[in-house]
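**Student:** coords please:
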Amino acid sequence: LGCLAGLLLSVEGLHLVLSRTALLDIFLMFWVLAGFACLVADRDWARGRLVAWYESSPLSDQGPGLGLRPWRIAAGLCLGAACAVKWSGIFFLIGFAVMSLLWDAGARKAVGLRRPYGGALAKDLPPALLAMGLLPALTYVASWTGWFVSSAGWGRNWAQATSQGPAFFVFDSIRSWLSYHMQVLSFHTGLATHHNYQSTPWSWPLLLRPVAFFYESPKTGCGAGQSCSQAVLGVGTPVIWYGALAALIAMIAWYVATRDWRAGAVLASYAFGWLPWFYWAIADNRTMFLFYAIPMVPFMILAIVLAAGLIIGPADAPPVRRMVGALGVGVFTLLALLNFWWLYPVLTAEVLPYAEWSARMLFKKGWI
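**Tutor:** This next block holds a predicted model:
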């Protein structure tokens, strides 16, 4: 299933296009996924510490403090880096911090403590504020080091600050830094200019309006006497995206039925990357694009592989059940590969006859 996740991500069209064009969003996705992985590792680590305490120490209502949590510290660094890449990383930082604390409370409840939530607030919250609050903030500030030491950064006022002494340098640097942030905030909150390829967040899961990164009509390269097209279309692989919709619905049912933390973690992480954009779309009429959804893609794929695990069944399931389940998962994977192969020319600017380019436009009104 782990190999399947990697394979599906490698043949996901939007991920491929952003990997090749290096917009900020692909780096945001990387740090978000790294932070999530660190928190999952922290969950296992913390539960191991609780079990060791339960087996060797006197019981208490709230349980012990768990001391230094290296994986949570690593998560704070990763999520601070996510915010440094793009401010929308804060959606994941806040969401993951709350989710991690709920995992802590669940772990304390699982070992039988009488006040698990009180224990999480008293024992886990204070160090979590440092690891998931202060540390990401310091990481974010550290990412501006190049700007602070430069004399030519936007709005830096470096020459003025250094000419007035060390104290003024610090004061003026902070003032200039905050002013820069206010300019950025003002620009984005007022970003409502119409764009031909803008889209609304509720349309993203359906791939209704991708972004044309590049399009030309070369005179040669696709056969004599034919009109040619050359395009880079920022769009996901439809088999994966629509399969993910079905898998996410399955995760909702699975979580409601079993309270399985894995389904809950995937659903919550997907929501952290998607639902906050609804506010800006409705309240500010913000200009947005499909590639804003790239941090959601790993969690879509995790939903698919979790569903694949359910379809295949556990190791002790009847062999026929596992064979049929594996066959179904294999068919889906093959369809994803074929779908990616079909779209590949319009993801990578291959020169095609116009008719072949047009045939790859799934929704003519939305994809052109």
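**Student:** give me the most central residue, the protein.
**Tutor:** Centroid-nearest residue in the chain: P295, 2.4 Å away (criterion: C-alpha atoms, centre = their mean).
**Student:** confirm that that one sits in a helix.
**Tutor:** Yes - counting by DSSP: H, G, I helix; E, B strand; the rest coil, P295 is part of a helix.
**Student:** M29 is in contact with that one, correct?
**Tutor:** Yes - using C-beta atoms under 8 Å, P295 is in contact with M29, at 4.6 Å. No exception for glycine: its C-beta is placed from N, CA and C like everyone else's.
**Student:** strands of the stretch 151-300 of the chain, start to end?
**Tutor:** All strands of the stretch 151-300 of the chain, identified by DSSP state E, counting those that start in this stretch, fall at 211-216, 228-234.
**Student:** most tightly packed of those strands?
**Tutor:** Highest mean neighbour count among the strands of the stretch 151-300 of the chain (mean count of other C-beta atoms under 10 Å): strand 228-234, with a mean of 22.
**Student:** tell me the helices and strands packed up against it.
**Tutor:** Contacts defined by 3 or more C-beta pairs under 8 Å, 6 or more residues apart in numbering; DSSP states H and E place strand 228-234 against helix 13-21, strand 211-216, helix 319-347, strand 351-353, helix 354-359.
**Student:** quick check: mean pLDDT of the last one?
**Tutor:** In this model, helix 354-359 has an average pLDDT of 92.
**Student:** could you dump that helix to CSV, C-alpha only?
**Tutor:** Extracted in CSV, the C-alpha atoms of helix 354-359 (Å, rounded to 0.1, in the frame of the first residue of the first chain):
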residue,chain,number,x,y,z
TYR,A,354,-4.9,20.1,-32.7
ALA,A,355,-7.5,17.3,-32.9
GLU,A,356,-5.5,15.1,-30.4
TRP,A,357,-5.1,18.1,-28.1
SER,A,358,-8.8,18.8,-28.2
ALA,A,359,-9.6,15.1,-27.5
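**Student:** moving C-terminal of that helix, what's the next helix or strand?
**Tutor:** As assigned by DSSP states H and E, the chain's next helix or strand after helix 354-359 is helix 364-367.
**Student:** and stretch 150-157, how far apart are its ends?
**Tutor:** Using C-alpha to C-alpha, to the nearest Å, one end of stretch 150-157 lies 10 Å from the other.
**Student:** identify each buried residue in that stretch, please.
**Tutor:** For stretch 150-157, burial by neighbour count (16 or more other C-beta atoms under 10 Å) applies to 153, 156.
**Student:** you'd agree H195 is up against L290?
**Tutor:** No - between H195 and L290 there is no contact, the gap being 11.7 Å when judged by C-beta under 8 Å.
**Student:** neighbour count winner among those two?
**Tutor:** Remark: of H195 and L290, L290 carries more neighbours, 22 against 11, as counted by other C-beta atoms under 10 Å.
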